[in-house]
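# Build me a model:
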Amino acid sequence: MLGGFECSTHRRRDGRRLDLVHSTRHDVLASRDYRLLQRHGVSTARDGLRWHLIERTPGTYEFTSVTPMLKAARDTDMQVIWDLWHYGWPDDIDILAAAFIRRFTAFAKEAAKHISEYDHTPMISPINEISFFSWAGGEAGIFNPFAHKRGDEMKRELVRATIHAVEAMREINPAIRVCQIDPIINVVPTSLAEEDVRNAEALDACGSGSLPADPVTTCANADESGRFGRVAPTMRRDRPHRSGSAPSARCR
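Prediction:
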């Protein structure tokens, strides 16, 4: 089994930045958290760095926010897959601008140096859930930067950034294993009624990786092919809910 600690750091539409590592106190309780997993036979977990804390000033990197977690992983012998980017980035960066690739690559290179001080063969996920985020942030406009009809453009940008980052990290440590992670979603109807089945199939085709708290979900900006369409409020989450990221990980 694979454990995981939520490490999202994106800004909401109201401007508030989330920091789930801090709000769950995982940043100060990492050793205890890892041992709790190990008590249940879980020896591998996903965790993450918080880029906005590490690079508060462009080009200057301070890893004090993650060093205790790296030490905890080493001292408890927990194998961790480290996310470098979990929906958040420094405020001065435009994720859809060409400079994003350069900045992320430089950050990834420095992160690889620091992580490798605590793990000689680290497992790193450069950018979490590229496919889902490109839809959520670039197509449907429900995640920062709340863009519409730019999903394909965003995905190309994130793929390029990942390729450049992997090349840079492996210059630092050729032993780094890279994990590409996206959700696996199982959508089921709430009943066998024809409308519920049709709506479930529509949501599956939409490719939504995660539903918001409000069960009424809109797959925004339908194109002529009908790729996205309105989904009725009868939809509900079904397992896995974003924890589906774990079995869909591919590490090389």
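# Which residue ranges of the stretch 51-200 of the chain form strands?
79-83, 123-125, 177-180 (DSSP state E, counting those that start in this stretch).
# Endpoint to endpoint, stretch 87-103 covers what distance?
For stretch 87-103, the first and last residues are 15 Å from each other (C-alpha to C-alpha, to the nearest Å).
# can you pull the buried residues of that stretch?
87-90, 93, 95, 100-101, 103 (16 or more other C-beta atoms under 10 Å). Yep, even glycine has a C-beta here, placed from its N, CA and C like the rest.
# need the strands of the stretch 51-200 of the chain in CSV with mean pLDDT, mean neighbour count and distance to D33, can you?
Formatted as CSV, these follow (pLDDT from 0 to 100; neighbours: other C-beta atoms under 10 Å; distance: least, C-beta to C-beta, whole Å):
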stretch, mean pLDDT, mean neighbour count, distance to D33
strand 79-83, 98, 23, 11
strand 123-125, 98, 22, 18
strand 177-180, 96, 17, 20
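# Using TSV, lay out these together with distance to M154.
Converted to TSV, those look like this (distance: least, C-beta to C-beta, whole Å):
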stretch	distance to M154
strand 79-83	18
strand 123-125	18
strand 177-180	16
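# Which element, helix or strand, includes the residue nearest to M78 when sequence neighbours are not counted?
Nearest residue to M78 in three dimensions, chain neighbours excluded: Y34, at 4.1 Å (C-beta to C-beta, 6 or more residues apart in numbering). Taking DSSP states H and E as the definition, one finds Y34 inside helix 26-39.
# Could you point out the helix or strand that follows that helix?
Later in the chain than helix 26-39, the nearest helix or strand by DSSP H and E is strand 44-48.
# Show me what that next one is packed up against.
Under the contact criterion of 3 or more C-beta pairs under 8 Å, 6 or more residues apart in numbering; DSSP states H and E, strand 44-48 touches strand 3-4, helix 26-39, strand 79-83.
# Give the other helices and strands that the first one contacts.
Spelled out, that is strand 3-4. Partner elements for strand 3-4 (3+ C-beta pairs under 8 Å, 6+ apart): strand 44-48.
# Adjacent strands (with direction) for the strand it packs on?
Take DSSP bridges as the rule and strand 44-48 pairs in its sheet with strand 3-4 (parallel), strand 79-83 (parallel).
# Please work out which residues outside the last one touch it.
By that I understand strand 79-83. Applying C-beta atoms under 8 Å, 6 or more residues apart in numbering, the set of residues contacting strand 79-83 from outside is 7, 43-49, 73, 111, 115, 119, 122-125, 128, 179, 181, 249, 251.
# And those, which of them are buried?
When those are checked for burial by 16+ other C-beta under 10 Å, the buried set is 7, 45-49, 73, 111, 115, 119, 122-125, 128, 179, 181, 249.
# Helices of the stretch 101-250 of the chain, residue ranges please.
Ranges of helices within the stretch 101-250 of the chain are 130-138, 151-172, 194-206, based on DSSP state H, counting those that start in this stretch.
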